[in-house]
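Asks: from the sequence below, what's the structure:
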Amino acid sequence: MLPAPAGSRFFRHPTTPEAVGILLAALVLLNVISCAPHTIANRSLDRVAGTVRIVSDLGIDPAPLREQLESSLRDLSGPSGSSFEVCVYGFSRGRELFRYSGDESAQVESTAENMTVAVLIRVTKSENTARVLFAEASGENEARLYENITKKILHRLDMAGIGPAPAR
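Replies: Numbering: from 1, shown residues only. Here you go, the predicted model:
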């Protein structure tokens with residue numbers, strides 16, 4: 001043990017291996033703290049109200065889309081005072097193919113590919129707009145299209161802090 005400096009009775013300078021050990025221990029502690037999940041104290045989660053709006057004259061049947069979205073977005077929770085609005089503003093049937101064989105008695109075959117839908121998601125907090133998010137999805141038929149856009153909307157809402165209600 002080295003003698004303490006004249007001005008200090010209890011402090012001694014650590015040796016190089018001790019300094020390295022202290023530095024490594026501090027880095028490990030900081031790493032553990034920074035990797036821990038961050039939670040906000042007193043974060044109150046409430047059921048979040050949401051509305052679905054579909055722009056008229058899009059060329060899409062609004063009833064099944066509205067039913068799919070409203071049933072999937074029903075039981076969500078988020079910070080107190082939050083709500084959201086989903087506005088479907090774009091729809092495309094994609095590419096429509098017509099096949100005609102040249103035979104007068106044969107029917108013309110038509111198929112649609114890559115239907116797309118676009119939505120705007122407005123997240124509000126205490127009646128003020130907190131975030132505006134966009135989502136777009138595609139699908140080969142309406143059922144797949146509705147499923148894909150619902151997943152995208154849920155993902156975007158999760159990014160905004162609104163997700164499935166916790167089990168009670």
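Asks: helix or strand: which one has His155?
Replies: His155 belongs to helix 142-159 when assigned by DSSP states H and E.
Asks: which element follows that helix toward the C-terminus?
Replies: Counting by DSSP H and E, what follows helix 142-159 is strand 163-164.
Asks: and Glu104, how close does it get to Leu23?
Replies: 87 Å (Cβ to Cβ, to the nearest Å). Every residue, glycine included, has its C-beta placed from N, CA and C.
Asks: before we move on, the earlier item: buried stuff in the helix holding His155?
Replies: Using 16 or more other Cβ atoms under 10 Å as the burial criterion, the residues of helix 142-159 that qualify are 142, 145-146, 148-150, 152-154, 156-157.
Asks: about what we covered before: quick one, which of Glu104 and Leu23 is more surrounded?
Replies: Between Glu104 and Leu23, Leu23 has the larger neighbour count (other Cβ atoms under 10 Å), namely 11 against 6.
Asks: need the pLDDT of that one.
Replies: Leu23 is assigned 76 on the pLDDT scale.
Asks: quick check, it in a helix?
Replies: Yes - according to DSSP: H, G, I helix; E, B strand; the rest coil, Leu23 belongs to a helix.
Asks: wait, what's in contact with it?
Replies: Residues counted as contacts of Leu23 (Cβ atoms under 8 Å, 6 or more residues apart in numbering): none.
Asks: repeat that for 10 Å
Replies: Going by Cβ atoms under 10 Å, 6 or more residues apart in numbering, Leu23 touches Pro14.
Asks: thanks again, I'm all set now.
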